[in-house]
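Trainee: fold the following and give me the result.
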Amino acid sequence: MATTTNAEWNVKTMIQEISIKNFLSFKDKMTFSFVADPSNFREETQVVEVAKGVRLLRFAALYGANASGKSNFLKAVYFITEFLFRVVNSKDEKTGVIPFLLDDNTRNENSEFDIVFYVNDKRFHYYLVVNTEKVVAEKLTLGNAEKEVFARVLDNNNSKIRFNVELSQIAKETIEINCLPNMSVFAAYRRVNVTIPELQMVVDYFGNFMPNITTNKDVYLYAANVLKESANANLKQTVLSDLHQADFNINDFSFTVENGEIKDKYYIKINNGEAKTYIMPGFLQSNGTHRYIGLDVILHQLLEKQSFLIADELENAIHPDLFEKFVYDFLTAKNNHSQLILTTHYSGLMETVNNMIRLDSIHFVEKHDDGLSELYSITDFDDLEKYNKDFTIYKGYREGRFGAVADIAY
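Mentor: As a prediction, this is how the structure comes out:
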């Protein structure tokens, strides 16, 4: 898979950390960090200095047993980014948040989210407290000094928003009127004809995120919608070239999408004494073929857009070598600050630590007997220097030294 870069790469826009509390299986506050450790391994492609002394990673892999909470973490991240823009038609609509339900107290308590990120080298901190019915508190700050951009509280079921930016009283009141108790300030802001530079920067950044991609159908449908556009003819040729490199005998393909259903055709070139091309319907192609095309499109889009993607078990249905190639092509893209969080069961990726991926890119999710999930980094362990060519990180994980493995008795 060839890589794509963006001439605007020097506009550094990235996430530093995400914290969640009381959401699905995450009862206690857990913080996921993209902050890089002091290692200079693959520094030029996998680490971006977004501000002086702030070095952030582009990639993270989450490991854990089935039902450990890996997907729940991705759902938490998706909830934040989706809720920012979610417009409701009635104050009676649910917010969509799901608290930790295996506790008599937390099931009735608020959920909390924090996200620290950089947009055009400026540090933002967004804080959200929400329950199933309404937003309880919301705040956006700017800079290391946490200068308040806006703060919102709930007063007698009415949202009260305090802005600390230049804004007319009429504009403030218009946003407040449009901000129902069960939607964000950003969603209300997008409904009014007002421009607030600090809010617009955040809206533009999160609006550029890649969509939530989970199932094989999601991946393939996304690719079909991209490739059906005539403006993406160059991307189509790139994907076809990548297919040949991956040893597929597909000479061409065509996609249309009607009401969410894909109409696809493949042109297969066979050489059995004479070169001949056969046309085959898409349903006769394997899930692996569909998945590979989807991942290849996602890769090029992700790198071109300088964006952010969360993805659940991308390795499904494709050969491990192709999955590693996907990760490799993402990680070796120069002059790029796109970020990718993926969950995976493919422990073979750990064998590439200190060869392809950085050690601080490895994270774990483990579920305890009380049903709550714990999120932690491999760098939380203080004896990593003992792992070498003879006893690798991969072997250590397989033996359960980092936890987050299936408890199976043979």
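Trainee: quick check, distance from the longest strand seen in the chain to the centre of its chain.
Mentor: If you go by DSSP state E, the chain has its longest strand at strand 261-271. Chain-centre distance of strand 261-271: 31 Å, with C-alpha atoms, centre = their mean, to the nearest Å.
Trainee: strand partners (parallel or antiparallel) of it?
Mentor: Take DSSP bridges as the rule and strand 261-271 pairs in its sheet with strand 250-258 (antiparallel), strand 275-281 (antiparallel).
Trainee: and these, which is most packed in?
Mentor: Greatest average neighbour count among the strands paired with strand 261-271 goes to strand 250-258 (a mean of 15), per mean count of other C-beta atoms under 10 Å. (C-beta placed from N, C-alpha, C; glycine too.)
Trainee: quickly list the domain ranges of this structure.
Mentor: Domain ranges of the chain: 11-208+308-410, 215-305, per automatic domain parsing.
Trainee: any idea how far apart the tips of the last one sit?
Mentor: Separation of the first and last residues of domain 215-305 by C-alpha to C-alpha, to the nearest Å is 22 Å.
Trainee: for Q46, give its distance to Y292.
Mentor: Q46 is 24 Å from Y292, where distance means C-beta to C-beta, to the nearest Å.
Trainee: and what of P38?
Mentor: For P38, the distance to Y292 - C-beta to C-beta - is 37 Å.
Trainee: where in the protein is the helix or strand with the lowest mean pLDDT?
Mentor: helix 393-398 (a mean of 85; mean pLDDT, DSSP states H and E).
Trainee: from the contact counts, what lies against that one?
Mentor: Helices and strands touching helix 393-398, as assessed by 3 or more C-beta pairs under 8 Å, 6 or more residues apart in numbering; DSSP states H and E, are absent.
Trainee: P38 and Y292: who's more crowded?
Mentor: Ranked by neighbour count (other C-beta atoms under 10 Å), P38 and Y292 place Y292 first, with 29 against 6.
Trainee: neighbours of S377, how many?
Mentor: 19.
Trainee: pretty sure it sits against L359.
Mentor: No: look at S377 against L359 with C-beta atoms under 8 Å: they stay out of range, at 9.3 Å.
Trainee: quick one: what helix or strand has the residue nearest the centre of the chain in it?
Mentor: Centroid-nearest residue in the chain: I310, 2.2 Å away (criterion: C-alpha atoms, centre = their mean). Using DSSP states H and E, I310 falls within strand 308-312.
Trainee: buried ones in the following helix or strand past that strand?
Mentor: Where DSSP H and E defines the elements, the next helix or strand beyond strand 308-312 is helix 320-331. Within helix 320-331, the residues scored as buried using 16 or more other C-beta atoms under 10 Å are 322-327, 329-331.
Trainee: likewise stretch 60-74?
Mentor: Residues of stretch 60-74 classed as buried: 60-65, 68-74 (neighbour count, 16+ other C-beta under 10 Å).
Trainee: what two of those residues are the furthest from one another?
Mentor: A60 and A65 (18.2 Å; C-beta to C-beta).
Trainee: now render the strands paired with strand 261-271 as CSV, adding mean pLDDT.
Mentor: What follows is these, written out as CSV (pLDDT from 0 to 100):
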stretch, mean pLDDT
strand 250-258, 91
strand 275-281, 89
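Trainee: tell me which of the ones you listed sits nearest to I408.
Mentor: Shortest distance between I408 and the strands paired with strand 261-271, using C-beta to C-beta, is found for strand 250-258: 38.9 Å.
Trainee: hang on, the earlier thing: closest to N249 out of the buried residues of helix 320-331?
Mentor: Distance to N249 across these (C-beta to C-beta) is lowest for L322, with 15.4 Å.
Trainee: can you redo the strands paired with strand 261-271 as CSV with distance to Y397?
Mentor: Converted to CSV, the strands paired with strand 261-271 look like this (distance: least, C-beta to C-beta, whole Å):
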stretch, distance to Y397
strand 250-258, 36
strand 275-281, 41
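Trainee: so who does N354 touch?
Mentor: F41 (C-beta atoms under 8 Å, 6 or more residues apart in numbering).
Trainee: need the pLDDT of it.
Mentor: pLDDT recorded at N354 is 75.
Trainee: look up how far A188 lies from it.
Mentor: 48 Å.
Trainee: over to S39?
Mentor: For S39, the distance to A188 equals 43 Å [C-beta to C-beta].
Trainee: the more surrounded of those two?
Mentor: Higher neighbour count among S39 and A188: A188, with 20 against 14, using other C-beta under 10 Å.
Trainee: any idea which of the domains of the chain has the lowest pLDDT on average?
Mentor: Ranked by mean pLDDT, these end with domain 215-305 at the bottom, a mean of 88.
Trainee: show me how far it is from its chain's centre.
Mentor: 23 Å.
Trainee: equivalent analysis for stretch 138-155, please.
Mentor: How far stretch 138-155 lies from its chain's middle: 24 Å, per C-alpha atoms, centre = their mean.
Trainee: try stretch 128-135
Mentor: Taking mean C-alpha positions (C-alpha atoms, centre = their mean), stretch 128-135 and its chain are 22 Å apart.
Trainee: with just CA atoms, put that stretch into CSV.
Mentor: Provided in CSV are the C-alpha atoms of stretch 128-135 (Å, rounded to 0.1, in the frame of the first residue of the first chain):
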residue,chain,number,x,y,z
LEU,A,128,-18.2,17.2,29.6
VAL,A,129,-20.5,15.9,32.4
VAL,A,130,-23.6,14.3,31.2
ASN,A,131,-26.3,11.8,32.2
THR,A,132,-28.9,9.9,30.2
GLU,A,133,-31.2,12.9,30.2
LYS,A,134,-29.1,16.1,30.0
VAL,A,135,-25.8,17.8,30.1
